[in-house]
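Asks: dropping the sequence and predicted coords here.
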2 protein chains.
Amino acid sequence: MAEAYEPTERSKVNRYKTRANYDYDTIHGIIDTCPVLHVSFNPSSMDDDPFPTILPMIGCTGSYTPPNAAETSAVCVYLHGHSSSRFMKLPAVQSESDDPVYSSLPGTPACIAATHMDGVVLALTPFNHSCNYRSAVIHGYANIVTDSAEKMYALQLITDSLIPSRWDHSRVPPTPSEMNSTSVLRVDIVSASAKIRAGPPGNDRADLDDVGMRQRVWTGVLPAWGVWGPPVAAPENLVPDVPGYISDFVKEQNDKGERYATEIAGKALTSKKQA
Amino acid sequence: MAEAYEPTERSKVNRYKTRANYDYDTIHGIIDTCPVLHVSFNPSSMDDDPFPTILPMIGCTGSYTPPNAAETSAVCVYLHGHSSSRFMKLPAVQSESDDPVYSSLPGTPACIAATHMDGVVLALTPFNHSCNYRSAVIHGYANIVTDSAEKMYALQLITDSLIPSRWDHSRVPPTPSEMNSTSVLRVDIVSASAKIRAGPPGNDRADLDDVGMRQRVWTGVLPAWGVWGPPVAAPENLVPDVPGYISDFVKEQNDKGERYATEIAGKALTSKKQA
């Protein structure tokens, strides 16, 4: 099995090629550690409204293999939302479109972006300012998951992607009405790429030679990461202490975020290590 | 002058309407405090490639009024990038398109999303899980800024939106070659909306009545915010201490992020206060 996506015209990184990465592990890892995904689609055909739109959504990668399937399914992205939301209705609208090109597509064309901002990089001149980041962009066809076993698999996966093992620690299984009012979109990946910038600022020779300026302009990195604060219990909560699977997760994530952002602020990592 | 965007078919929030907000201050505030914006556009017409794409970009709102203009310009979003990047070339491609509908548009249709994830909301059942967030979505027409005074204004604005007053504390003005290799896109806003969720979990009556379950399932909020770590000086830095404008910014942002995410975890704020 291939371990990387094939760069295509659509996904190929053209600038700063050394920052590009097409590995499955890197791309899926960025998606799965990003607490919110940005999903873009075209709500209508070009003539009606020329604007693509973006929704912030919760989701993660997964690979559901039906019980009697001959081989493992390819990794896709699952997104969840309310059944009545605009995006959830789009695959049906698209398949019934008057536009033959659009209606013959195997799903609604979508783009998913996940970005971690790892720091602000301050160089001598604003032109050389940058950010440390890990960014993944996926293009794929979105369809509603209709198989109930796959839908249940995806809902558990998405819940556990927020807090590991939360599904089993909450009131499950969902009631039939809960299942009906939640929809899951599966985005089958057609192309994907990641771009990673890590390390201290880059400066031009002419600026570096100006020692007076270097004594005036502070250069370096402000490391940045997402932090989880102490859990705040709901008024109706009756569990006396914060459970270990939550407090461990909070501590682990905070340590990991701090370690990565601080480490790369001081030294550039090689492409393999940046994952 | 109006102080809110008109809800349109495109921007109207249809679900959880109480979370919707169209105020200038709220929308611009979310954009300007978000360290990375997600920008979506259609790289080519539907026939060639049906996928919209998303780029993570740096930018902020602004309002450049030319020296002799009769009135203040409307607020727009400025985005910066390398002149040779795909998106920067798109307004020219679009105006020369064979498609008369597309080529007559007043710029490249774009969507800009800014999202702050303020916490994970854990209810009794996965179905009622949610996130606290502040999200803004803007639709508008993107064009390259050609006026050199406006471009300089926008570059300073974008630099200072990362770290206030950084422009004046770095090596400026940019050289002519730096100005040439950087492009600025101005996105003129045609519609915009924000959506905000704040507060503890919501649970169904039937779940709340099950006291045994409430003693088993922890409910509450994990507050989340972006944190800046201690600045890491570059190897070539010759400024002995981290300047006050940087250390003050780091402290202020960290305090503000923690305060908001923690405060709303315990109690829902009214729509006005959530801004």
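Replies: Structure's in. What do you need?

Asks: okay, CA-based contacts and neighbour counts for the rest of this
Replies: Fine.

Asks: do you know how far the closest residue to residue A:222 other than its chain neighbours is from residue B:244?
Replies: By the measure of C-alpha to C-alpha, 6 or more residues apart in numbering or on different chains, the closest residue to residue A:222 outside its immediate chain neighbours is residue B:231, 4.6 Å from it. Between residue B:231 and residue B:244 the distance is 12 Å, computed by C-alpha to C-alpha, to the nearest Å.

Asks: of those two, which one has the most company?
Replies: Regarding residue B:231 and residue B:244, a neighbour count based on other C-alpha atoms under 10 Å in any protein chain shown identifies residue B:231 as having more, with 22 against 9.

Asks: from residue A:200, how far out is the more buried one?
Replies: Applying C-alpha to C-alpha to residue B:231 and residue A:200 gives a distance of 11 Å.

Asks: if I look at those two, which residues touch both of them?
Replies: The overlap between the contact sets of residue B:231 and residue A:200 (C-alpha atoms under 8 Å, 6 or more residues apart in numbering or on different chains) consists of A:220-221.

Asks: count of residues packed around the residue of the stretch 1-150 of chain A at minimum distance from chain B?
Replies: With C-alpha to the nearest C-alpha as the measure, the residue in the stretch 1-150 of chain A that lies nearest chain B is residue A:125; the distance is 4.7 Å. Residue neighbour count, defined by other C-alpha under 10 Å, stands at 23 for residue A:125.

Asks: can you give me the helices in chain A?
Replies: Secondary structure of chain A (DSSP state H): helices located at A:24-33, A:86-95, A:100-103, A:148-162, A:176-181, A:205-208, A:211-214, A:244-266.

Asks: name the residues that touch stretch A:224-240?
Replies: Applying C-alpha under 8 Å, 6+ apart, the contact partners of stretch A:224-240 are A:116-120, A:242, A:247, A:250, A:253-254, A:257-258, A:261, B:119, B:200-201, B:208, B:214-229, B:258, B:262, B:265-266.

Asks: end to end on that stretch, go ahead and measure it.
Replies: Looking at stretch A:224-240, the gap from its leading to its trailing residue is 33 Å under the measure C-alpha to C-alpha.

Asks: buried stuff in that stretch?
Replies: The neighbour-count criterion (16 or more other C-alpha atoms under 10 Å in any protein chain shown) identifies A:224-229, A:231-234, A:236-238 as the buried residues of stretch A:224-240.

Asks: can you list the low-confidence ranges for chain A?
Replies: Segments of chain A classed as low confidence (criterion: pLDDT under 70) are A:1-2, A:45-47, A:268-275.

Asks: so how far is chain B from the residue in it sticking out farthest from the centre?
Replies: Among the C-alpha atoms of chain A, the one farthest from their average position, using C-alpha atoms, centre = their mean, is that of residue A:212, at 43.0 Å. Note on residue A:212: its distance to chain B, by C-alpha to the nearest C-alpha, to the nearest Å, is 9 Å.

Asks: residue A:260 and residue A:252, how far apart?
Replies: Counting by C-alpha to C-alpha, the gap between residue A:260 and residue A:252 amounts to 12 Å.

Asks: these two: who's more crowded?
Replies: residue A:260 (16 against 12).

Asks: and the more buried one, how far from residue A:192?
Replies: Following C-alpha to C-alpha, the distance that separates residue A:260 from residue A:192 is 23 Å.

Asks: next to chain B in this structure, residues from the stretch 1-150 of chain A, please.
Replies: For the stretch 1-150 of chain A, the residues in contact with chain B (C-alpha under 8 Å from any C-alpha of the partner chain) are A:14-15, A:35-36, A:38, A:40-42, A:46-47, A:50-56, A:85, A:101-102, A:109-113, A:115, A:117, A:119-120, A:123-127, A:135, A:137, A:139-140.

Asks: if we can go back for a sec, nearest to residue B:23, of the helices of chain A?
Replies: Shortest distance between residue B:23 and the helices of chain A, using C-alpha to C-alpha, is found for helix A:86-95: 22.9 Å.

Asks: now tell me what touches that closest one from outside.
Replies: Among residues not part of helix A:86-95, those counted as contacts by C-alpha under 8 Å, 6+ apart are A:43, A:81-83, A:102-105, A:107-108, A:142-144, A:183-185.

Asks: likewise stretch A:156-164?
Replies: Contacts of stretch A:156-164 with the rest of the structure, by C-alpha under 8 Å, 6+ apart, involve A:32-33, A:35, A:58-60, A:62, A:78-80, A:166-167, A:245-246, A:249, B:120, B:126.

Asks: so how far is stretch A:137-147 off the chain centroid?
Replies: 14 Å (C-alpha atoms, centre = their mean, to the nearest Å).

Asks: residues of that stretch that come out buried?
Replies: Across stretch A:137-147, burial judged by 16+ other C-alpha under 10 Å covers A:137-145.

Asks: just the ones of the residues you listed in strands?
Replies: Mapping the buried residues of stretch A:137-147 onto strands (DSSP state E) picks out A:137-144.

Asks: what would the residues you listed look like in TSV with distance to residue B:153?
Replies: What follows is those, written out as TSV (distance: C-alpha to C-alpha, whole Å):
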residue	distance to residue B:153
A:137	31
A:138	34
A:139	35
A:140	38
A:141	41
A:142	41
A:143	44
A:144	46
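
Asks: which of the residues you listed lies closest to residue A:5?
Replies: The closest of these, once distances to residue A:5 are taken by C-alpha to C-alpha, is residue A:138, at 10.2 Å.

Asks: residue contacts, that closest one?
Replies: Listed by C-alpha under 8 Å, 6+ apart, the contact partners of residue A:138 are A:111-113, A:189-193.

Asks: and for residue A:57?
Replies: Residue A:57 neighbours (C-alpha under 8 Å, 6+ apart): A:36-39, A:79-81.

Asks: dump those residues to JSON lines, plus neighbour count.
Replies: Formatted as JSON lines, those follow (neighbours: other C-alpha atoms under 10 Å in any protein chain shown):
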{"residue": "A:36", "neighbour count": "23"}
{"residue": "A:37", "neighbour count": "23"}
{"residue": "A:38", "neighbour count": "26"}
{"residue": "A:39", "neighbour count": "27"}
{"residue": "A:79", "neighbour count": "25"}
{"residue": "A:80", "neighbour count": "21"}
{"residue": "A:81", "neighbour count": "17"}
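
Asks: could these go into TSV alongside distance to residue A:90?
Replies: Compiled in TSV, these are given as follows (distance: C-alpha to C-alpha, whole Å):
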residue	distance to residue A:90
A:36	21
A:37	18
A:38	17
A:39	13
A:79	14
A:80	14
A:81	13
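
Asks: in strands only, show me the residues you listed.
Replies: A:37-39, A:79-81.

Asks: residues in a beta bridge with the nearest residue to residue A:28 once chain neighbours are set aside, which ones?
Replies: In space, residue A:28 comes closest to residue A:61 once its chain neighbours are excluded; the distance is 6.4 Å by C-alpha to C-alpha, 6+ apart. Following DSSP bridges, residue A:61 is listed with bridge partners residue A:77.

Asks: so residue A:61 touches residue A:76, yeah?
Replies: Yes - at 5.5 Å, residue A:61 counts as touching residue A:76 under the criterion of C-alpha atoms under 8 Å.
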